[in-house]
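> My questions concern the predicted model and sequence given below.
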Amino acid sequence: MTTRTSWADLAANSAAENVDVGSSSASNGTVGTTSAAGRPVYVPPHLRNRPPSADPPAPTYTGPASSNDRPGYGGSRWAAPRNDRNDYNNRSGYGSGGGGGVRLGGWGGRSGGWDRGRDREVNPFGNDDAEQTLSEQESTGINFDAYEDIPVETSGDNVPPPVNTFAEIDLGEALNLNIQRCKYVKPTPVQRHAIPISLAGRDLMACAQTGSGKTAAFCFPIISGIMRGQAPQRPLRGARTVYPLALILSPTRELSMQIHEEARKFSYQTGVKVVVAYGGAPINQQLRELERGVDILVATPGRLVDLLERARVSLHMIRYLALDEADRMLDMGFEPQIRKIVEQMDMPLPGVRQTMLFSATFPKEIQRLASDFLANYIFLAVGRVGSSTDLIVQRVEFVHESDKRSHLMDLLHAQRANGVHGKQALTLVFVETKKGADSLEHWLCMNGFPATTIHGDRTQQEREQALRSFKSGATPILVATDVAARGLDIPHVAHVVNFDLPNDIDDYVHRIGRTGRAGKTGLATAFFNDNNASLARSLVDLMQEANQEVPAWLTRHAARSFGGRNRRPGGGRFGGRDFRRESSFNRGGSDYYGGGNSAGSYATSGGYGGGYGAGISSAWD
DNA sequence: AAAAAAC
């Protein structure tokens, strides 16, 4: 195959793959090949460039997963590592009877009991089950075994072993049903490791690539634990104070909304109530939802502080605390608020509650901060942390500041020309400032490209409308600030353009992670110029780690630059490292992820993190 | 320096 593949082709192919769910066409010669039947198949990174005879055939997307994938589903018995969960099997209460116990302010506290409320529970899977089945099942035929040699690092005391199936861990019948409804056939690598750790009651700091299933990894154990747990005796406070059992914090309103939607699917008909609270929206409606009972509260920090100060929420009964995008939650902007919530209200102490931190990136200095919130925690790194999956084709182009708009226009024109069914592929354009976002959006619209924008100066209504319009394809170009950089799961994003590069390589990792999700391919194009010199070095390292073609001019830039704070030492391995492994005499302040050369405890080696599998949808961060 | 996050 010739190497002359234009970015427009890549974007078009990527779009084609994302639109045509049943197709498994890889985006280009670097990740694709053709099966004997002439059908293109995805070849995982570690199986590429090998003589065809010596190896078993590359795994193919073979359509609907066989029922063999879940032997004994729901049949195994749960080996309870904690005494307080042993009552699960005795509790016919869940699913057929009363919840038992007093749940002041909880769902059990409503008159009529929880099962009446359950009858009213809106089906979060919608009414189009039959319609969804075909397209989604077609894409669940991924061979997860192909990813068994993904590098995994764990450290900490007595790490529980990973599982291979959901059935092995018996999360409970109701939750298992929801897992099936979500078409999750097998746990992703991060789920295989994180869920047993959480179920064992251990604190966890987990790093896993963007789009790899982190949301479910912390939701399943929480929901399961609440289902099994004793109905708590909630203290009497103000009659209007509610006592959630789990708290999930995230850095943006839209991400909290998304986590809430996912968690509602997972908890459907389990009796576990999930409520979301975030700013920019009328508080009264959120208060009413809370009053109807809450087990799991998903929130952004500001609104939660408000609710705590009004004494409408108490954290006294919190058993589970999860921070999504945990490194962002603990960076300079958020740390004081998080400390207030976690340390200065009535939250149980570390060791009493169970704490789980998740992110795709985890700088060492943030790890150090985070250890304040954890007790005897397990560090887990799955895949090459801080790196992107190599399902994302990364391009860097030298574009002077003054040429950026016309260059973007060229990209979009060519992309439209190559588009599927004449439709513009979804393109997410990141810029540095809110003003810049508005002005670029306006300019794109003036030039015939339907665009919208999302940033912190827009009203919450406008933000949500923009996201909906983008997702639906009505406005196939979304200009965004970093508000959209993390966690958002937007299906069918074919192309991420870093119109302005971020200053931090981790932000870059999260931004490009908006494409190439759940095993799909994607394209990321960055406009680089002299203003981005400090990023050059870490960008080159990252791209090399992800097997990307690095332009020679960029390598020269990197050699010239002194390297910003982003530079990770240690010869370029991006694998996450537990900062506790670093010698206390060896704590250089600039040591970003820890020394990459020290002996790791990779359970397996040689492979590296690719994607995880197609069709496992939604909220994988 | 910017962005995010309460009213």
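Arrived safely. Note that the structure is predicted; figures quoted are calculated from it, not measured. Residues are numbered from 1 along each chain as shown, chains lettered A, B, ... in the order given.

> that's a helix at residue A:489, yeah?
No - using DSSP: H, G, I helix; E, B strand; the rest coil, the assignment for residue A:489 is coil, not a helix.

> so it makes contact with residue A:520?
No - at 11.4 Å, residue A:489 does not count as touching residue A:520 under the criterion of CB atoms under 8 Å. In short, each C-beta sits where N, CA and C put it, glycine included.

> who has more neighbours, these two?
residue A:520 (27 against 23; other CB atoms under 10 Å).

> Around DNA strand B, pick out the residues from the stretch 201-350 of chain A.
Selection of the stretch 201-350 of chain A residues close to DNA strand B by CB under 7 Å from any atom of the strand yields A:251-254, A:278-281, A:283, A:299-306, A:309, A:331-334, A:337.

> Now do the spatially closest residue to residue A:397 that is not a sequence neighbour: how many residues are near it, please.
Distance criterion CB to CB, 6 or more residues apart in numbering; nearest residue to residue A:397, sequence neighbours excluded, is residue A:527 at 6.1 Å. Close neighbours of residue A:527, defined as other CB under 10 Å, add up to 22.

> Need the residues that contact stretch A:483-490.
Residues from elsewhere that reach stretch A:483-490 (CB atoms under 8 Å, 6 or more residues apart in numbering): A:211, A:250-252, A:254-255, A:258-259, A:324-325, A:328, A:426, A:428, A:430, A:454-456, A:463, A:467, A:470-471, A:478, A:502, A:507, A:510-511, A:514, A:517, A:617-621.

> that older thread, against DNA strand B, how distant is the residue nearest to residue A:397?
17 Å (CB to the nearest atom of the strand, to the nearest Å).

> Over to residue A:175?
Computed as CB to the nearest atom of the strand, the residue A:175 to DNA strand B distance reads 29 Å.

> Am I right that residue A:379 sits in a helix?
No - counting by three-state DSSP, residue A:379 is located in no helix; its state is strand.

> so what's it bridging to?
residue A:155, residue A:205 (DSSP bridges).

> okay, now the residue in the stretch 451-600 of chain A that DNA strand B sits nearest to: neighbour count?
As assessed by CB to the nearest atom of the strand, DNA strand B sits closest to residue A:456 within the stretch 451-600 of chain A, at 2.2 Å. Number of residues near residue A:456 (other CB under 10 Å) recorded here: 13.

> same thing with residue A:504?
The number of residues near residue A:504, taken as other CB under 10 Å, comes to 19.

> before we move on, back to that, out of the contacts of stretch A:483-490, name the ones that lie in strands.
Residues of the contacts of stretch A:483-490 located in strands (DSSP state E): A:426, A:428, A:430, A:454, A:478.

> Just the terminal-to-terminal distance for stretch A:294-313.
One end of stretch A:294-313 to the other measures 10 Å (CA to CA, to the nearest Å).

> ditto for stretch A:518-527
When the termini of stretch A:518-527 are compared using CA to CA, they are 26 Å apart.

> can you tell me the average pLDDT over that stretch?
Stretch A:518-527 shows an average pLDDT of 86 in the prediction.

> got the residues of chain A near DNA strand B?
A:251-254, A:278-281, A:283, A:299-306, A:309, A:331-334, A:337, A:432-436, A:455-457, A:481-483, A:503.

> List buried residues within those.
Neighbour-count burial (16 or more other CB atoms under 10 Å) applied to those gives A:251-254, A:278-281, A:283, A:299-301, A:303-306, A:331, A:334, A:337, A:432, A:434, A:436, A:455, A:481-483.

> Just the ones in helices from those residues, please.
A:253-254, A:283, A:301, A:303-306, A:337, A:434, A:436 (DSSP state H).

> Please identify which pair of the residues you listed lies farthest apart.
The most widely separated members of those, counting by CB to CB, are A:283 and A:436 (31.1 Å).

> Do a quick rundown of the helices in the stretch 301-450 of chain A.
Taking DSSP state H, counting those that start in this stretch, the helices of the stretch 301-450 of chain A run over residues A:301-309, A:326-329, A:335-343, A:364-370, A:404-417, A:434-446.

> whoops, I mixed them up, the stretch 451-600 of chain A
Taking DSSP H, counting those that start in this stretch as the criterion, the stretch 451-600 of chain A carries its helices at A:460-472, A:505-512, A:533-545, A:552-560.

> go on, the stretch 151-300 of chain A?
Going by DSSP H, counting those that start in this stretch, the stretch 151-300 of chain A shows helices at A:173-181, A:189-199, A:214-228, A:253-266, A:283-291.

> before we move on, the earlier item: could you point out which of the helices of the stretch 301-450 of chain A sits nearest residue A:178?
Across the helices of the stretch 301-450 of chain A, closest to residue A:178 is helix A:326-329 (CB to CB), at 25.1 Å.

> in that closest one, what's buried?
Neighbour counts over helix A:326-329 (16+ other CB under 10 Å) mark A:326-329 as buried.

> And it, what does it pack against?
strand A:354-359, helix A:364-370 (3 or more CB pairs under 8 Å, 6 or more residues apart in numbering; DSSP states H and E).

> hmm, which helix or strand of chain A has the shakiest average pLDDT?
strand A:40-42 (a mean of 30; mean pLDDT, DSSP states H and E).

> remind me which residues of the stretch 451-600 of chain A are low pLDDT?
For the stretch 451-600 of chain A, the stretches flagged by pLDDT under 70 are A:562-576, A:583-600.

> one more time with 50
Where the stretch 451-600 of chain A drops to pLDDT under 50, the residues are A:570-575, A:585-600.

> What of the stretch 151-300 of chain A?
By pLDDT under 50, the stretch 151-300 of chain A has no low-scoring segment.

> And the residue of it closest to DNA strand B?
Relative to DNA strand B, the nearest point of the stretch 151-300 of chain A is residue A:279 (2.6 Å; CB to the nearest atom of the strand).

> correct me, but that residue touches residue A:305?
No - look at residue A:279 against residue A:305 with CB under 8 Å: they stay out of range, at 10.0 Å.

> Any idea which of the helices of the stretch 151-300 of chain A gets closest to residue A:577?
Of all those, it is helix A:189-199 that lies closest to residue A:577, at 16.2 Å by CB to CB.

> for the closest one, packing partners?
strand A:152-155, strand A:204-208, helix A:214-228, strand A:354-359, strand A:378-382.

> pLDDT at residue A:12, what is it?
Per-residue pLDDT puts residue A:12 at 49.

> One more: residue A:130?
42.

> Okay, residue A:354 and DNA strand B: tell me how far apart.
24 Å.

> Compute the number of surrounding residues for residue A:230.
Residue A:230, neighbours per other CB under 10 Å, totals 12.

> And for residue A:282?
Neighbours of residue A:282 using other CB under 10 Å come to 9.

> Please apply the same query to the one 5 residues further on.
With neighbours defined by other CB under 10 Å, the count for residue A:287 comes to 17.

> Surely it and residue A:312 touch.
Yes - judged on CB under 8 Å, residue A:287 makes contact with residue A:312 at a distance of 6.1 Å.

> Quickly list what the residue lying closest to residue A:290 once chain neighbours are set aside is bridged to.
Once flanking residues are discounted, residue A:290 sits nearest to residue A:242: 4.9 Å by CB to CB, 6+ apart. Taking DSSP bridges as the rule, residue A:242 bridges to residue A:313.
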